[in-house]
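A.B. asks: kindly return the folded structure for what I paste below:
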Amino acid sequence: MSGLVTGDAVVLGLQPARLPSRALAIVIDLVVVWTAYLLVSIGLAVATASLDEAAVMAVSIATFLLVPVGAPIAVETLSHGRSLGKLACGLRVVRDDGGPIRFRHALVRGAMGVVEILMTFGVIACIASLVSARGRRIGDVFAGTLVVRERVPAARGALAVPPPPPWLVGRFSGLDLSGVPDDLWLAIRQYLTRMRQLDAAVSWSMAQRLAGDLSARTGTPAPEGVPPAAYLAAVVNERQARDARRVFAAAARSAEADDRAAAAAGAYAVEPSRAPDTAGQDTTGAGIGSGPESAGPAGSGGERRGSSDQGSAGHGSVESGSGGGGGASWASPGLAAGNDTGVAAVGAAVPIGAPGRPEPVEVKPPSSTGFAPPA
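C.D. replies: Numbering: from 1, shown residues only. Model prediction:
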């Protein structure tokens with residue numbers, strides 16, 4: 001890894017490319033460039049066959065400067081340091097500070113590459129790369145660039161917030177975090193994820209400053225004897241725990257609401273049972289007052305007599321009716337027509353044909369009572 005430290009005291013984790021990978025990338029680039037140069041040269045030779053020797057020489061020099069020299073410079077400038085060979089090998093040219101290169105960097109590298117690679121067949125470039133600690137050739141030294149590997153496996157947990165000490169977990173459960181802005185949370189998280197890459201003195205000062213800002217926002221000073229980095233990690237852990245509890249509670253309420261909605265939808269989706277067919281049955285109310293004798297005092301006396309007979313059937317006694325009409329029958333036409341239960345109960349309590357009881361009159365039910373439910 002490169003030991004380069006930026007102005008923010010961050011150690012860049014750049015892995016310089018070594019000679020084998022750089023040599024393979026240069027070979028791929030040279031094959032592509034010289035193939036294009038030969039094709040262009042053949043085309044220009046055919047096109048300039050009628051010109052004199054001086055013109056042909058000028059065209060040849062211009063073609064050499066544009067294709068083998070100018071093309072790599074243009075490609076590295078437009079692609080920010082990634083030619084075809086470097087792209088295939090997972091390499092990239094960057095500045096010493098890790099930033100992307102510009103035209104002047106590519107121009108210096110290309111001009112020195114003519115001497116290092118083309119004129120000496122890469123001997124000077126190989127020797128310089130072997131001698132340099134970071135594998136830089138002379139063009140990289142003059143241009144202030146570095147060839148690095150882009151395909152570096154990321155370390156596991158590199159961006160994870162480190163957990164707080166166990167004795168600090170849950171200690172800040174009563175802390176008011178509503179006044180902490182999002183940009184301060186972001187700064188604290190970035191510091192915690194990169195604090196191992198910082199210088200020790202710089203890391204301590206940044207932790208103290210962030211802890212002071214956090215204490216001012218929460219209104220509670222940091223505990224004595226607790227390192228500022230541990231305090232920040234514990235507060236971030238408390239915020240994450242609160243967010244997790246809030247999310248789980250919302251999910252539980254949503255699931256409960258969905259269950260209630262599904263239960264209600266299932267209850268409404270049940271097919272209603274068919275109503276019983278009562279077209280051929282007459283209720284007691286339908287029978288009462290439906291016969292011809294129900295109109296008038298005699299019918300009223302008969303109705304009351306029928307109700308009294310039904311209520312006294314279980315007691316073994318029969319009360320006399322209170323209605324008028326001395327020769328009225330004791331069973332109302334409505335009961336005789338629509339309610340056999342009353343007649344059977346009366347018959348069971350007082351035998352038909354007993355002394356003082358007239359014979360029941362058989363009354364045919366009318367064609368329509370007006371209260372029976374429709375068929």
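A.B. asks: my guess is Glu100 contacts Ala106. True?
C.D. replies: Actually, residue 100 is Pro. It isn't Glu. No - between Pro100 and Ala106 there is no contact under C-beta atoms under 8 Å: 10.6 Å. Heads up, the C-betas are built off the backbone N, CA and C, glycines and all.
A.B. asks: the more surrounded of these two?
C.D. replies: Neighbours per residue, other C-beta atoms under 10 Å: of Pro100 and Ala106, the larger number sits with Ala106, 25 against 14.
A.B. asks: show me what the helix or strand harbouring that one packs onto, helices and strands only.
C.D. replies: Ala106 belongs to helix 103-113 when elements are defined using DSSP states H and E. On a contact count with 3 or more C-beta pairs under 8 Å, 6 or more residues apart in numbering; DSSP states H and E, helix 103-113 meets helix 71-78, strand 91-95, helix 138-143.
A.B. asks: closest to Leu184 out of these?
C.D. replies: strand 91-95 (31.6 Å; C-beta to C-beta).
A.B. asks: quick one on the thing from earlier: identify the contacts common to Pro100 and Ala106.
C.D. replies: Counting by C-beta atoms under 8 Å, 6 or more residues apart in numbering, the shared contacts of Pro100 and Ala106 are Gly81.
A.B. asks: where does this structure have low pLDDT?
C.D. replies: Scanning the chain for pLDDT under 70 picks out 1-13, 151-159, 268-375.
A.B. asks: helices of that one, start to end?
C.D. replies: 19-47, 53-64, 71-78, 84-89, 103-113, 123-131, 138-143, 182-194, 200-218, 228-269, 284-287, 297-311, 333-338, 340-349 (DSSP state H).
A.B. asks: could you identify which of those is most buried?
C.D. replies: helix 333-338 (a mean of 25; mean count of other C-beta atoms under 10 Å).
A.B. asks: next one: the nearest residue to Gln240 once chain neighbours are set aside relative to Asp243, how far apart?
C.D. replies: Spatial nearest neighbour of Gln240, chain neighbours left out: Val161 (8.0 Å); criterion: C-beta to C-beta, 6 or more residues apart in numbering. The spacing between Val161 and Asp243, counted by C-beta to C-beta, to the nearest Å, is 13 Å.
A.B. asks: and Val33, by the same measure?
C.D. replies: 55 Å.
A.B. asks: ok, the closest residue to Gly170 other than its chain neighbours - contacts?
C.D. replies: Among residues not flanking Gly170 along the chain, Glu238 sits closest, at 7.6 Å (C-beta to C-beta, 6+ apart). Contacts for Glu238 (C-beta under 8 Å, 6+ apart) come out as Gly170, Phe172, Ser173, Leu175, Leu177.
A.B. asks: which of these tops the neighbour count?
C.D. replies: Phe172 (22 neighbours).
A.B. asks: so that one touches Ala234, yeah?
C.D. replies: Yes - with contact defined as C-beta under 8 Å, Phe172 and Ala234 form a contacting pair (5.8 Å).
A.B. asks: start to end distance for stretch 167-174?
C.D. replies: Stretch 167-174 has an end-to-end distance of 16 Å (criterion: C-alpha to C-alpha, to the nearest Å).
A.B. asks: what's the answer for stretch 44-62, then?
C.D. replies: 11 Å.
A.B. asks: what's the burial count for the nearest residue to Ala36 once chain neighbours are set aside?
C.D. replies: Nearest residue to Ala36, sequence neighbours excluded (C-beta to C-beta, 6+ apart): Val67, at 5.9 Å. Using other C-beta under 10 Å, the number of residues around Val67 comes to 18.
A.B. asks: who are the contact partners of Val67?
C.D. replies: Taking C-beta under 8 Å, 6+ apart as the test, what Val67 contacts is Val33, Ala36, Tyr37, Val40.
A.B. asks: give the contact list for Ala233.
C.D. replies: Here Ala233 is in contact with Val161, Pro162, Pro163, Pro164, Pro165, Leu168, Leu192 (C-beta under 8 Å, 6+ apart).
A.B. asks: tell me how many other residues crowd the closest residue to the last one other than its chain neighbours.
C.D. replies: So the one you mean is Leu192. Counting by C-beta to C-beta, 6+ apart, Val161 is the residue found nearest to Leu192 once chain neighbours are left out, at 4.9 Å. Counted with other C-beta under 10 Å, the neighbours of Val161 add up to 17.
A.B. asks: about what we covered before: most surrounded residue in the contacts of Ala233?
C.D. replies: Pro164 (23 neighbours).
A.B. asks: for Val161, grab phi and psi.
C.D. replies: phi -70, psi 130 (degrees, to the nearest 10).
A.B. asks: surely it and Val236 touch.
C.D. replies: Yes - here Val161 reaches Val236: they are 5.9 Å apart, a contact under C-beta under 8 Å.
A.B. asks: can I get the contacts of Glu238 in TSV with distance to Arg149?
C.D. replies: What follows is these, written out as TSV (distance: C-beta to C-beta, whole Å):
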residue	distance to Arg149
Gly170	43
Phe172	42
Ser173	45
Leu175	44
Leu177	41
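A.B. asks: quick one: which of those residues is nearest to Val27?
C.D. replies: Proximity of these to Val27 (C-beta to C-beta) peaks at Leu177, which lies at 57.9 Å.
A.B. asks: what separation do you get for that closest one and His80?
C.D. replies: Taken as C-beta to C-beta, the span from Leu177 to His80 is 41 Å.
A.B. asks: now do the contacts for Ala88.
C.D. replies: Residues near Ala88 by C-beta under 8 Å, 6+ apart: Ala25, Ile28.
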